[in-house]
Each structure stands twice: as C-alpha cells, then as structure tokens.
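Asker: Below: sequence and its predicted model.
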Amino acid sequence: MSRYRPPQPRSSLYITAAGYRRLQSELQGLWQRRHEVVKALAAAAAEGDRSENAEYIYRKKELREIDRRIRYLQKRLPELTVVSAAPSDPSRIYFGAWVSVEDEDGNEHTWRIVGPDEFDPEQGWISMDAPLARALMKKQVDDEVEIELPKGKTRYWITAIHYTP
C-alpha cells in the first residue's frame, strides 16, 4: 500500500479587497517576525551544543514555519483576483454576497460568500469552494436549495441577498 495522495484541487483565485489587504499585512508582519526569530536563533546557536539546545531547536522550527507561510503568500498573492465591485445583477448570489437563509426548522442563518483564503466560520464567512456556497451560487430570493451534509440532506430557502454588510 502506497502513501500517494492525489493533489488537492486548486482553490478559487478570488478574494475581497479587505482580504487581500489582510494577506499583504500578514506577509509584512511575517518578514518582521522572521528578522526577530533569526536574531534569537543566532543567539541560541552561539550558546554551544546545538543537539540539546531546546531554544535552538524551537527557533529552527519556528523559522521553518515562517518561511513556509512566506513562500505560500508570495506565490498566492500575485495570482489572486481582487473583486471589489458588486455584480451587475445584485438579485442573484455571487461572490461577496451576504445571504440569509431559513432551514427546515425555521432557523435563520446568514453567511457571506468569500474566497478560500479568507473564510471564517465565526464571522459567518464561507468559502466559495464549499458545497453550501456552490449550491447557493446564482440563486435568487425565495429559491430552495438542497445540500447533502454528513448528517443527511438539508433544505434551505433563500430569504435575502445583499452586497453590503
């Protein structure tokens, strides 16, 4: 049995203007943090035996993670497409929409459809690559959407769509 895993499908390349600014500021912050970690790593390396130097080992791991994230952001940022304008048909659900839905039990949910680099479930932001968002795309108010979830099929009715928070 091999350990081969097929590559993940590429995520969408859309992002909101605020999300793009957040990623840029994260990249700048990582460069500043990297500078501090390199100084601390040099100080830990100067202490002598590196094989049992916990500070040295920790800083090497921290530097590796920072470098990994910097590489990812440097590749990802240039290929992203910033979407800052509302669509020409605001009565339908597209990228950046705030969508209010009602489930079968009468509970109201509101989600914003954003890019995969900025989704945040606590804020109600879902990735446009998520099954729920894909099912909602191009629908209108009063449309019914049926989603296959791990607990079974769930039905939602779209109650509102808007493009400003």
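Answerer: All right, it came through fine. Residues are numbered from 1 along each chain as shown.

Asker: When you work out contacts or count neighbours from here on, use the C-alpha atoms and nothing else.
Answerer: OK.

Asker: what ranges do the strands span in this protein?
Answerer: In the chain, the strands defined using DSSP state E lie at 14-16, 81-83, 98-103, 108-114, 125-127, 144-149, 152-162.

Asker: Worst mean pLDDT among those?
Answerer: Among the strands of the chain, strand 144-149 carries the lowest mean pLDDT, at a mean of 89.

Asker: Could you dump the strands of the chain into a markdown table and include distance to Glu26 and mean neighbour count?
Answerer: Shown next, in a markdown table, are these (distance: least, Cα to Cα, whole Å; neighbours: other Cα atoms under 10 Å):
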| stretch | distance to Glu26 | mean neighbour count |
| --- | --- | --- |
| strand 14-16 | 15 | 22 |
| strand 81-83 | 17 | 16 |
| strand 98-103 | 25 | 20 |
| strand 108-114 | 18 | 21 |
| strand 125-127 | 19 | 22 |
| strand 144-149 | 33 | 14 |
| strand 152-162 | 29 | 16 |
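
Asker: closest one to Lys39 among those?
Answerer: strand 14-16 (34.4 Å; Cα to Cα).

Asker: Report the strands that pair with the helix or strand bottoming out on mean pLDDT in the chain, each with its relative direction.
Answerer: Ranked by mean pLDDT, DSSP states H and E, the weakest helix or strand in the chain is strand 144-149, scoring a mean of 89. Using DSSP bridges, strand 144-149 pairs in its sheet with strand 152-162 (antiparallel).

Asker: what domains does the record give for this structure?
Answerer: 14-82, 86-162 (automatic domain parsing).

Asker: how near is the spatially most central residue of the chain to Leu30?
Answerer: Nearest to the mean C-alpha position of the chain, by Cα atoms, centre = their mean, lies Asp117 at 2.8 Å. For Asp117, the distance to Leu30 (Cα to Cα, to the nearest Å) stands at 17 Å.

Asker: How about Thr164, nearest residue that isn't a chain neighbour?
Answerer: Trp98 (7.3 Å; Cα to Cα, 6 or more residues apart in numbering).

Asker: List the contacts of that neighbour.
Answerer: When contacts are counted by Cα atoms under 8 Å, 6 or more residues apart in numbering, Trp98 touches 110-113, 161-165.

Asker: who's it bridged to?
Answerer: Going by DSSP bridges, Trp98 forms beta bridges with Arg112, His162.
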